[in-house]
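Enquirer: heads up, no residue letters with this:
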């Protein structure tokens, strides 16, 4: 029903988290300005799209702000060793601690392109975030009137893959409780 596979593995831990973290920190080395050090890494649920698995991550910077990004890899088949690692990292000064009105802390990165009928184009976007309100169970990506993805929360964290910027519509993330009640909604981009 959705573009990406649902998460298949637990959040990274142990040697796997260390291996992914080394790649992320290497990609982010140029992004951390001055003497800023990267704090503890927070891993988000993995999602697989188009043969690659994406594992988003964030980490606070000692001079304020945050390092965001992901590590991706491919597998020849289920159960095979991960290969072809790629990492993306960027620094941002917009953090949840500086924005007490946020209900969702969102990050995003374009990971592909979508070609629709009649020459219509869109972007495939990886969206990861954290619920800043209590009781969240499921996050969804909405493109206009269509739900394009959903992810159950793991430790209040979620990852979505959605078509974005298509036919004039942009992704909006919604958070629902276990009872199906909407708890929060946030557009991916400022109005």
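Expert: Sure, I can see it. Quick caveat: nothing in here was measured; it's all calculated off a predicted structure.

Enquirer: Can you list the strands that the helix or strand hosting residue 56 pairs with?
Expert: Element membership for residue 56, per DSSP states H and E: strand 52-60. Based on DSSP bridges, the pairing partners of strand 52-60 within the sheet are strand 42-43 (antiparallel), strand 47-49 (antiparallel), strand 66-75 (antiparallel).

Enquirer: Nearest approach to residue 127 belongs to which of the ones you listed?
Expert: strand 47-49 (9.6 Å; Cβ to Cβ). For every residue, glycine as well, the C-beta is placed using N, CA and C.

Enquirer: For the most far-flung residue of the chain relative to its centre, give its distance to residue 167.
Expert: Distance from the C-alpha centroid of the chain, by Cα atoms, centre = their mean, peaks at residue 118 (29.7 Å). For residue 118, the distance to residue 167 (Cβ to Cβ, to the nearest Å) stands at 10 Å.

Enquirer: what about residue 94, which SS state?
Expert: coil (DSSP: H, G, I helix; E, B strand; the rest coil).

Enquirer: What is the neighbour count of it?
Expert: 13 (other Cβ atoms under 10 Å).

Enquirer: And the pLDDT for it?
Expert: pLDDT for residue 94: 90.

Enquirer: How about residue 32?
Expert: Value for residue 32, per-residue pLDDT: 66.

Enquirer: about what we covered before: check for me that the residue farthest from the centre of the chain belongs to a strand.
Expert: No: counting by three-state DSSP, residue 118 falls outside a strand, being helix.

Enquirer: coming back round to it: so which of the strands paired with strand 52-60 is nearest residue 141?
Expert: Minimum separation from residue 141 across the strands paired with strand 52-60 (Cβ to Cβ) falls at strand 47-49, 11.1 Å.

Enquirer: So for that closest one, mean pLDDT?
Expert: Averaged across strand 47-49, the pLDDT comes to 95.

Enquirer: Please list all residues in contact with the closest residue to residue 136 other than its chain neighbours.
Expert: Closest residue to residue 136 apart from its sequence neighbours, by Cβ to Cβ, 6 or more residues apart in numbering: residue 175 at 4.7 Å. Neighbour list for residue 175: 103, 104, 131, 133, 136, 138, 139, 182, 183, 184, 185 [criterion: Cβ atoms under 8 Å, 6 or more residues apart in numbering].

Enquirer: Name the SS class of the spatially closest residue to the first one that is not a sequence neighbour, please.
Expert: Meaning residue 103. In space, and not counting its chain neighbours, residue 103 is closest to residue 184: 3.7 Å by Cβ to Cβ, 6+ apart. Assigned by three-state DSSP, the conformation of residue 184 is strand.

Enquirer: Can you report how many residues neighbour residue 184?
Expert: 17.

Enquirer: again with residue 142
Expert: Around residue 142 there are 21 residues (other Cβ under 10 Å).

Enquirer: chain center to whichever strand or helix holds it, what's the gap?
Expert: Using DSSP H and E, residue 142 sits within strand 136-143. Counting by Cα atoms, centre = their mean, to the nearest Å, strand 136-143 is centred 12 Å from the centre of its parent chain.
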